[in-house]
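Asker: model the structure of this input:
(chains A and B)
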Amino acid sequence: DTAVSQTPKYLVTQMGNDKSIKCEQNLGHDTMYWYKQDSKKFLKIMFSYNNKELIINETVPNRFSPKSPDKAHLNLHINSLELGDSAVYFCASSHGQGARETQYFGPGTRLLVL
Amino acid sequence: KQEVTQIPAALSVPEGENLVLNCSFTDSAIYNLQWFRQDPGKGLTSLLLIQSSQREQTSGRLNASLDKSSGRSTLYIAASQPGDSATYLCAVPSGGYQKVTFGTGTKLQVIP
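Answerer: Residues are numbered from 1 along each chain as shown, chains lettered A, B, ... in the order given. You can find the predicted model right below:
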């Protein structure tokens, strides 16, 4: 039933580790996104994929690498985790490309780097 | 660069009161504006999407207005209920409409 799902929901890890977050949508949407919400609750776009093609890549450290194996999945791999990476990461999807359509959000992955 | 501001950052009202949340944006050349709700520890839920050609959009007790020329939108909540307690965010397209820029949110508490 879940439209946009993310795993894991919580992730606690040590600095320097590599971790992945997975996202899946069953809405048949063409576009998927990764957002980061910091401790001040500010939500900012990181990446966007349309039909498995990267269309938005904000000024994100190259330690962050998104991968879209198919239209329904967009995963986020983070290398050499740093304390400042602690945040809530949200996946979202929309029918069309860009900001013309309503975006549907996943429940978020709460990452804590110790 | 599009900047989106929401004032106030927090609002506390007694149950039953009508209230207005404000959203301001710097680049008025927008395609649409969206209002979202975020419950604690949860993702965002889309409430209303108002197109640039529209002045208002309504859903139940919610009414969103858009004034592009002044760079403002308001979200009106009628007869507020404790279940309305959440953070409300507005979002507008930016960067050639490939992405949205979110406001900082207004945290609403409705007191029973």
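Asker: what mean pLDDT does stretch B:79-86 get?
Answerer: For stretch B:79-86, the mean pLDDT works out to 97.
Asker: ok, stretch A:73-81 next?
Answerer: 96.
Asker: residues near residue 54, how many?
Answerer: Because you didn't say which chain, this covers chain A. A:Leu54: 12 surrounding residues under other C-beta atoms under 10 Å in any protein chain shown. Using the backbone N, CA and C atoms, a C-beta is placed for each residue, glycine as well.
Asker: nope, chain B please
Answerer: Close neighbours of B:Gln54, defined as other C-beta under 10 Å, add up to 13.
Asker: now it: closest residue in space that isn't a chain neighbour?
Answerer: Closest residue in space to B:Gln54, ignoring its immediate chain neighbours: B:Leu66 at 6.5 Å, by C-beta to C-beta, 6 or more residues apart in numbering or on different chains.
Asker: buried ones in stretch A:8-15?
Answerer: Within stretch A:8-15, the residues that qualify as buried are A:11, A:13, counting by 16 or more other C-beta atoms under 10 Å in any protein chain shown.
Asker: list of residues touching it?
Answerer: Under the contact criterion C-beta atoms under 8 Å, 6 or more residues apart in numbering or on different chains, stretch A:8-15 has outside partners A:19, A:21, A:81-83, A:107-114.
Asker: again, only using 10 Å
Answerer: Residues from elsewhere that reach stretch A:8-15 (C-beta atoms under 10 Å, 6 or more residues apart in numbering or on different chains): A:17, A:19-22, A:78, A:80-83, A:85-86, A:89, A:106-114, B:41.
Asker: so the residue in chain B positioned nearest to chain A is in which element?
Answerer: Using C-beta to the nearest C-beta, the single residue of chain B nearest to chain A is B:Pro93, 3.3 Å away. Here B:Pro93, judged by DSSP states H and E, is contained in strand B:86-94.
Asker: what's opposite the residue of chain B closest to chain A in the beta bridge?
Answerer: Note on B:Pro93: beta-bridge partners by DSSP bridges are B:Val100.
Asker: on that earlier part again, please list only the buried members of the contacts of stretch A:8-15.
Answerer: Among the contacts of stretch A:8-15, those classed as buried by 16+ other C-beta under 10 Å are A:19, A:21-22, A:78, A:81, A:85-86, A:89, A:106-111, A:113.
Asker: next up, the contacts around B:Glu56.
Answerer: By C-beta under 10 Å, 6+ apart, the residues touching B:Glu56 are B:48, B:50, B:63-66, B:74, B:76.
Asker: repeat for A:Lys67
Answerer: A:20, A:22, A:49, A:52, A:54, A:73-77.
Asker: include secondary structure when you put the residues you listed into a markdown table, please.
Answerer: Listed next are the contacts of A:Lys67 as a markdown table, based on DSSP: H, G, I helix; E, B strand; the rest coil:
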| residue | secondary structure |
| --- | --- |
| A:Ser20 | strand |
| A:Lys22 | strand |
| A:Tyr49 | strand |
| A:Lys52 | coil |
| A:Leu54 | strand |
| A:His73 | strand |
| A:Leu74 | strand |
| A:Asn75 | strand |
| A:Leu76 | strand |
| A:His77 | strand |
